[in-house]
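1. Show me the folded form of this:
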Amino acid sequence: MIGYILMIINFVLAIFSSFFFFASFKNPDGRNGLIARVLFMALFTGIIAVAAIFMFNILTHNFQYNYIWSYSNTELSFGLLMSTFYAGQEGSFLLWLVMLAIIGGFLQPNMRKHGYESPVMGIFSLLLAFVTLMLVLKSPFTMVWEAFPELAEGFMPKEGRGLNPILENVWIIIHPPILFVGYALTSVPYALAIAGLIKKDYQGWIKLAVPWTLTATAILGLGIMLGGFWAYETLGWGGFWGWDPVENSSLLPWLSSVALVHTILVQRKSGGLVRTNFFLAILTFILVLYATFLTRSGVLGDFSVHSFVDPGTVVYTILLSTIIIFGLLGFVMLLIRYKELGNEKNEFKMISKENFMAIGSILLLLSLAVTMYGTSFPIISAI
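-> Numbering: from 1, shown residues only. You can find the predicted model right below:
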């Protein structure tokens, strides 16, 4: 119960943190800025506390929680037992939330140092609010008697159902956390891009975005490679796994992010591709949300071997709303500033490093388009 109450408090903290960060835009060091920082630190602490409470209940085999009963048992090794934290839908969202909170803890002082704190952390806190809301409405702290009304209140099963045998592998301990770190990191270039549009600083945001983009691309790529190794070498399912929509969905933002890595280097050197970089930073994060939607909304339940099936209308609605809201926020802001972004010179010589990097990025985006069409075809076919 305390975990659920803390999650509600975290949602409120995230909403107010976002509000006060935006309210401190003109005077970051004023009263609103101080309140925003205090609220964000309270939010960070609250999220870590929720995760710690959840993990404690997993390690102590508290099968009164429906999630813990569903994915763990007393026979699992310590590592596999810890991995049940994110084996199910609610736990994977909590893992994503924890990664976002940790990144936010490093991001906030860095953005304050460079004068980007208010808009970036306002966007970041808003994202935390959406993920937290998901966990409020579909909580990992639901009791077994709440999930199964025929059971008496206070009932505790003697044993849990345990992990799917296919998942009882060392790679489940390593692969998902790395992938979610990559997912969480893509939110930083997105927030910086929006901040650059708000501040009308069309060159400065790039310098701040470079290390975050490189790190996000590297870690997300590592996560995808480990997932591929797990599927091909360990599970032995062969090439069929390579066509699975859920695996391909994580490839989409990586392709976009790799293109962004190259185009931001072009802008740093020549000042060109300004519009392209804003577009790619926004697109990469939206594709992360889209990948999450494909994996966890149940829309591919009949087509994917490891998509979540029947997650409920709540998750479906919130995930779809998150894509729409953050997509509109990013692309509408880009359209508003579009004419102003055309002032920089974007002309490159035919034989030049910048031109070939731009061409390479176009090829990556074409690969993305083909992969996205194939991955989304079950949805297109259903429509």
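
2. and stretch 88-98, how far out from the chain's middle?
-> Its chain's C-alpha centre and that of stretch 88-98 lie 10 Å apart, by Cα atoms, centre = their mean, to the nearest Å.

3. what's next to that stretch, contact-wise?
-> With contacts defined as Cβ atoms under 8 Å, 6 or more residues apart in numbering, stretch 88-98 is touched by 47-48, 50-51, 54, 67, 70-71, 84-86, 128, 131-132, 134-135, 138-140, 176-177, 180, 183-184, 292, 296, 308, 311, 315. (C-beta placed from N, C-alpha, C; glycine too.)

4. Write the PyMOL selection for whichever of those are buried.
-> Provided next is the PyMOL selection string for whichever of the contacts of stretch 88-98 are buried by 16 or more other Cβ atoms under 10 Å:
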select buried, resi 47+50+51+54+67+70+71+84+85+86+128+131+132+134+135+138+139+140+176+177+180+183+184+292+296+308+311+315
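
5. Which of the contacts of stretch 88-98 fall in strands?
-> Assigned to strands by DSSP state E, none of those qualify.

6. List the contacts of Met7.
-> Shown in contact with Met7 (Cβ under 8 Å, 6+ apart): Val50, Thr132, Leu135, Val136, Ser139, Phe141.

7. Please report how far Lys138 lies from Ser376.
-> From Lys138 across to Ser376, the span is 24 Å (Cβ to Cβ, to the nearest Å).

8. And the least confident helix or strand in the chain by mean pLDDT, what does it pack against?
-> Ranked by mean pLDDT, DSSP states H and E, the helix or strand of the chain with the weakest confidence is helix 353-382, at a mean of 86. Contact partners of helix 353-382 among helices and strands, from 3 or more Cβ pairs under 8 Å, 6 or more residues apart in numbering; DSSP states H and E: helix 245-270, helix 274-296.

9. try it again with 6 Å
-> helix 245-270 (3 or more Cβ pairs under 6 Å, 6 or more residues apart in numbering; DSSP states H and E).

10. buried residues in the helix it packs on?
-> 245-267, 270.

11. How about stretch 157-175?
-> So, applying 16+ other Cβ under 10 Å, buried residues of stretch 157-175: Gly160, Gly162, Leu163, Leu167, Asn169, Trp171, Ile172, Ile174, His175.

12. export these to JSON lines and tack on pLDDT, distance to Leu197 and secondary structure?
-> JSON lines is the format used below for these (pLDDT from 0 to 100; distance: Cβ to Cβ, whole Å; DSSP: H, G, I helix; E, B strand; the rest coil):
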{"residue": "Gly160", "pLDDT": "89", "distance to Leu197": "48", "secondary structure": "coil"}
{"residue": "Gly162", "pLDDT": "88", "distance to Leu197": "48", "secondary structure": "coil"}
{"residue": "Leu163", "pLDDT": "89", "distance to Leu197": "44", "secondary structure": "coil"}
{"residue": "Leu167", "pLDDT": "80", "distance to Leu197": "42", "secondary structure": "helix"}
{"residue": "Asn169", "pLDDT": "82", "distance to Leu197": "44", "secondary structure": "coil"}
{"residue": "Trp171", "pLDDT": "84", "distance to Leu197": "40", "secondary structure": "helix"}
{"residue": "Ile172", "pLDDT": "87", "distance to Leu197": "39", "secondary structure": "helix"}
{"residue": "Ile174", "pLDDT": "91", "distance to Leu197": "37", "secondary structure": "helix"}
{"residue": "His175", "pLDDT": "89", "distance to Leu197": "35", "secondary structure": "helix"}
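
13. okay, now the closest residue to Glu117 other than its chain neighbours: neighbour count?
-> Nearest non-adjacent residue to Glu117, counting by Cβ to Cβ, 6 or more residues apart in numbering: Met111, 4.3 Å away. Close neighbours of Met111, defined as other Cβ atoms under 10 Å, add up to 24.

14. For Met111, which three-state class applies?
-> State at Met111, reduced to three classes by DSSP: H, G, I helix; E, B strand; the rest coil: helix.

15. In this structure it contacts Val120, no?
-> Yes - contact between Met111 and Val120 holds when scored by Cβ atoms under 6 Å: they sit 4.6 Å apart.

16. So, low pLDDT: which residues of the stretch 251-383 of the chain?
-> For the stretch 251-383 of the chain, residues meeting the criterion pLDDT under 70 lie at 298-312, 343-351.

17. List the ones among the contacts of Met7 that fall in helices.
-> In helices, judged by DSSP state H, the following of these are found: Val50, Thr132, Leu135, Val136.

18. which residues sit in contact with the last one?
-> With contact set as Cβ atoms under 6 Å, 6 or more residues apart in numbering, Val136 has these partners: Met7, Ile8, Phe11.

19. Against Ser125, how distant is the last one?
-> Going from Phe11 to Ser125 by Cβ to Cβ gives 11 Å.

20. Same check on the first one?
-> Using Cβ to Cβ, Met7 is found at 16 Å from Ser125.

21. one step back: save the buried residues of stretch 157-175 as JSON lines, and put in distance to Met333 too.
-> Listed next are those as JSON lines, based on distance: Cβ to Cβ, whole Å:
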{"residue": "Gly160", "distance to Met333": "47"}
{"residue": "Gly162", "distance to Met333": "47"}
{"residue": "Leu163", "distance to Met333": "43"}
{"residue": "Leu167", "distance to Met333": "41"}
{"residue": "Asn169", "distance to Met333": "43"}
{"residue": "Trp171", "distance to Met333": "39"}
{"residue": "Ile172", "distance to Met333": "39"}
{"residue": "Ile174", "distance to Met333": "37"}
{"residue": "His175", "distance to Met333": "34"}
